[in-house]
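Student: what shape does this take:
(chains A, B and C)
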Amino acid sequence: MSNEIVNSPILRVENIVKRFGGLVALNNVSFEVREGEFLGIIGPNGAGKTTLFNVITGFLKPEQGRIVFKGVDITKWPVYKRSRMGIARTFQIMKPLENLTVMDNVVTAALPRSNSVREAIERAERSLDLVKLLNKKDLLARNLNSTEKRRLEIARALAGEPVLLLLDEALAGQSPSEIDETLALLRSIHKSTKITIIMVEHVMRAIMRIAERIIVLNYGKIIATGTPEEVARDPKVIEAYLGSSKVEVSM
Amino acid sequence: MVGLRSLDLKSLRRSIDFYIAVICFGFLVVSPLIYNNFFYINALHTASVLMLAGVAWVIMGGYTGLISFGHAAFFGLGAYTLALTYNWGVLPWLGLVLGGCVAALFAAAVSYPLLRLKGRWFSLATLAMAEALKLYFNNWDFVGGSRGIELFRKEYGLEWIYFASPIYYNYVAYAVLIASLIVLNMIVKSRFGYYTQAIRESEETAMAVGINTFRYKQLAMVVSGFFTGIAGALYTIRFRFIDPFAVMDFAQSLQIIVISVAGGIFTLVGPIIGALIITPIAEYVRAVLGGTYGAKFFGIHMLIYGVILLALVLYSPGGLHDVILKLKEGRKRE
Amino acid sequence: MELSLIVQSLLEGVLNGSVYTLVALGLGLIWGVTELVNFAHGDFLMLSAFVAYFLHYYVGLDPIESIPICFAINFLIGFIVQRFLLNRIIEAHLLAQTFSTFALALIIRNSFYVSLGPDVKSISNPLATMAVDVMGIRLSTAKIIATAIAVSLTIALYLFLQKTYIGTAIRAVSQNRVAAQLMGVNTKQTYCLSTGIAVGLAGVAGALIASYYYIFPEIGPSFTTLAFVAVVLGGIGSIQGAAVGALLVGLLQSIGALLFVPAIKDVVVFLAFIAFLTIRPRGLFGD
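Tutor: I've put the predicted structure just below:
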């Protein structure tokens, strides 16, 4: 087995430009993600993080650039096709399938990558067990509180056993102990499978602890990349966050 | 506050649905034998035809969230296909299926432009589509234009589904209805059911999870069209004369909608309940008022439908099915 | 076929289209502001046509003279319907929203049907039979007047939306409900006002149509459908689009009648609509 195959990136984002009318949301963004990496993406509000996710998953089409996943150019692919290939995401503004049960939510997510409903149900149960929602499986999704809904989002994303998991502010609104729980969950999943995780986060303390590498976005451009320590010391990063009260740059 | 109110307990709901279906069918099958009244038997036949069309409608409307106001188009296409093929010498059993197929093909074709529209705009478009089709058929000589088509006389019997006594038509309709329900139930329990409901709840989430939303919406339309076409064909076999205003008019779409909404659009059993309760009453009202008011009775009919719809939509969007579930839930809690 | 006949037909299409504009604008306005699709829009037109009819026969008013009254009555009705019915379902499930105006349409239409019967009525209007003759092209005077009024009202609406405070409030709400609220706009009242105006416009169209067309309870749905096609052709969300779309619909009707049989002219319109949807679902000016 050649080293190239082992080390070739699972995701390549190449020269992505995304415009909304006159506004350039993503300005020539390029980076690679290795298989099995845990990558964090941070940046001030409006930096383009969610837009980047939307381009990677196909909800938005870029004006220029390519997205290459597992060696395949998926830039023109529709959302569902990318998902079937193994990209799963959670949403910042959650949209669970409100009037379906928790179980049905996750079974639906498992089905596209399963051969039968039975198989999907098994996968769903495993997924719900991971996020500790199995005891609530027959409740309607809309009757969950917001933390439980976040866990449901994650369970749904994991149900199809994805290869690449994109988490968009999955820790939003959680208490410190809940955050610790979620981080522990993510760590254990990351260790036990070869899943690649890209996480957009605002909760600095959390993302700095768990990510192996960090990319910093500001005004649609990557201004820094490196380990959490390197990035925390980077003067450009500090400057980008100056004035933002949310930042805790000390670790 | 208007909104959906459903139970938390799915298993309870499933078993209740089955019992409801059994009771309704029992009633359909047994009551004509006991109450051998021509008018009543007729009403039950109409009810069973509407049940089939309603269940088909619910696949699109309740499950996928595609509310169609133009189902008369599918109904009429099935009716006309059966009428034409019957008179060309094709057995009606095959004609039924052909009717479904023609309606399904039409649904597939029309899904490409129509699905470009979202939500209520889609619904308006289905309305326009049905009216346009009716208008066209009304001016098309091949299908008899406004004169319509009458089925040729054949030998009495099951082969040509032509009977001296009307009650046999009922049992033919029931048989087709049950067969269709079994198939539809299987479809709804498969991944189709999961996908379409996901699309209804949040199309974005459905896409993100790997569902080809266009393809499944189209599939829902095709399945819905197919069984509605069969319902139209069933109607034709019984009444042996059709014209665009009898099978392709907005009135047919409306009937299908009212019984579905009344019974409960989020379940296959809803239209069954709805049709069983509303149709005999509606037919009776028509007969009584028809005698007294003449041409105006038709308006009262529709006026009442409008009021029922409005009340249902404001106070119980889940229809009678929801009411039944609530009663059961209440009793269980005690 | 003579050229003059073709030109006459096309011009008539444009005249028809300008009256449709009022209906399409109303439908588009309600959608833009409240995000409701008003299935009953054509039936409000029908209502107003009957009002014009009764005003003609019991008070002796010319349909053109009835316009202010028709507008006022329809405005009030639209306002009240929005205030007591539609405001309740703005945040409701898609099902409730779709069926509410639909059920309303049924109720309005059939109330008229039941109380007045299905007979077709018409106003014997001297204007309806008069025609203007220009180089061999005959155009009905009533239609020309109707067009003139429709065009003026369209311009008036445009100015109203652009220049007045209420008009700006309406535009604000249609663009961003939350932002408008934050700026102090009473959204619920704005809904009532804009629906009132929209239905009022349909009312004007009803009075105009009463001056040269037939009046019976079933005329509603075809106008709703034509207005709908106009809005989609022009682009959902665009006021100019609705106006242009309506003219296009009028033209398509004429073309359909010329090429085929007048009875299926609406089929032609619908087919063109389908083709348009397939090729350019956004419409001419849509987002």
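Student: who's the residue nearest to B:E155 when sequence neighbours are not counted bridged to?
Tutor: In space, and not counting its chain neighbours, B:E155 is closest to B:Y162: 7.1 Å by C-beta to C-beta, 6 or more residues apart in numbering or on different chains. Yep, even glycine has a C-beta here, placed from its N, CA and C like the rest. Beta bridges link B:Y162 to B:G157, judged by DSSP bridges.
Student: give the contact list for the residue lying closest to A:P78 once chain neighbours are set aside.
Tutor: Excluding its sequence neighbours, the residue lying closest to A:P78 (C-beta to C-beta, 6+ apart) is A:G58, at 6.1 Å. With contact set as C-beta atoms under 8 Å, 6 or more residues apart in numbering or on different chains, A:G58 has these partners: A:74, A:77-79, A:81-82.
Student: what is the nearest of those to chain C?
Tutor: Chain C lies nearest to A:P78 out of the contacts of A:G58, by C-beta to the nearest C-beta, at 16.1 Å.
Student: where does chain C dip in pLDDT?
Tutor: Where chain C drops to pLDDT under 70, the residues are C:1, C:126-129, C:136, C:287.
Student: before we move on, what about chain A?
Tutor: Low-confidence segments of chain A (pLDDT under 70): A:1-7, A:243-251.
Student: and the residue nearest the centre of it?
Tutor: In chain A, the C-alpha nearest the mean C-alpha coordinate belongs to A:L166, at 1.8 Å (C-alpha atoms, centre = their mean).
Student: helices or strands up against the host helix or strand of it?
Tutor: Under the criterion DSSP states H and E, the helix or strand holding A:L166 is strand A:164-168. On a contact count with 3 or more C-beta pairs under 8 Å, 6 or more residues apart in numbering or on different chains; DSSP states H and E, strand A:164-168 meets helix A:49-57, strand A:87-89, helix A:146-159, strand A:196-200.
Student: for these, which one sits closest to C:F216?
Tutor: Among the helices and strands packed on strand A:164-168, helix A:49-57 comes nearest to C:F216, with 52.0 Å by C-beta to C-beta.
Student: by mean pLDDT, point me to the weakest helix or strand of chain B.
Tutor: Least confident helix or strand of chain B, by mean pLDDT, DSSP states H and E, is helix B:319-333 with a mean of 73.
Student: chain center to that helix, what's the gap?
Tutor: Centre-to-centre, helix B:319-333 and its host chain are 24 Å apart (C-alpha atoms, centre = their mean, to the nearest Å).
Student: for it, packing partners?
Tutor: With contacts taken as 3+ C-beta pairs under 8 Å, 6+ apart, helix B:319-333 sits against helix B:10-34, helix B:250-263, helix B:270-293.
Student: let's go with 10 Å and repeat that
Tutor: When contacts are defined as 3 or more C-beta pairs under 10 Å, 6 or more residues apart in numbering or on different chains; DSSP states H and E, helix B:319-333 packs onto helix B:10-34, helix B:250-263, helix B:270-293, helix B:297-315.
Student: how about it as PDB, C-alpha atoms only?
Tutor: Extracted in PDB, the C-alpha atoms of helix B:319-333 (Å, rounded to 0.1, in the frame of the first residue of the first chain):
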ATOM      1  CA  GLY B 319     -59.400  15.200  11.500                       C
ATOM      2  CA  LEU B 320     -61.600  12.600  13.100                       C
ATOM      3  CA  HIS B 321     -58.700  10.200  13.400                       C
ATOM      4  CA  ASP B 322     -57.100  12.600  15.800                       C
ATOM      5  CA  VAL B 323     -60.300  12.800  17.800                       C
ATOM      6  CA  ILE B 324     -60.400   9.000  18.100                       C
ATOM      7  CA  LEU B 325     -56.800   8.800  19.100                       C
ATOM      8  CA  LYS B 326     -57.300  11.400  21.800                       C
ATOM      9  CA  LEU B 327     -60.300   9.500  23.200                       C
ATOM     10  CA  LYS B 328     -58.200   6.400  23.400                       C
ATOM     11  CA  GLU B 329     -55.400   8.200  24.900                       C
ATOM     12  CA  GLY B 330     -57.700   9.700  27.500                       C
ATOM     13  CA  ARG B 331     -59.100   6.400  28.400                       C
ATOM     14  CA  LYS B 332     -55.700   4.800  28.700                       C
ATOM     15  CA  ARG B 333     -54.500   7.400  31.100                       C
END
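Student: angle of that helix against helix B:10-34?
Tutor: Here the directions of helix B:319-333 and helix B:10-34 differ by 120 degrees (axes from the mean of the first three to the mean of the last three C-alpha atoms, to 10 degrees).
Student: tell me the strands beside the strand holding A:L166, with direction?
Tutor: Sheet pairing of strand A:164-168 (DSSP bridges) gives strand A:87-89 (parallel), strand A:196-200 (parallel).
Student: okay, angle between it and helix A:49-57 too, please.
Tutor: Here strand A:164-168 points in a direction 150 degrees away from that of helix A:49-57 (the same axes, to 10 degrees).
Student: just how off-centre is the helix or strand hosting C:V132 within its chain?
Tutor: Here C:V132, judged by DSSP H and E, is contained in strand C:131-134. Mean-position distance between strand C:131-134 and its chain equals 26 Å (C-alpha atoms, centre = their mean).
Student: in the helix or strand that that strand is followed by, what counts as buried?
Tutor: The helix or strand immediately downstream of strand C:131-134 is strand C:137-140, counting by DSSP H and E. By 16 or more other C-beta atoms under 10 Å in any protein chain shown, the buried positions in strand C:137-140 come out as C:137, C:139-140.
Student: and stretch C:5-17, by the same measure?
Tutor: C:8-17.
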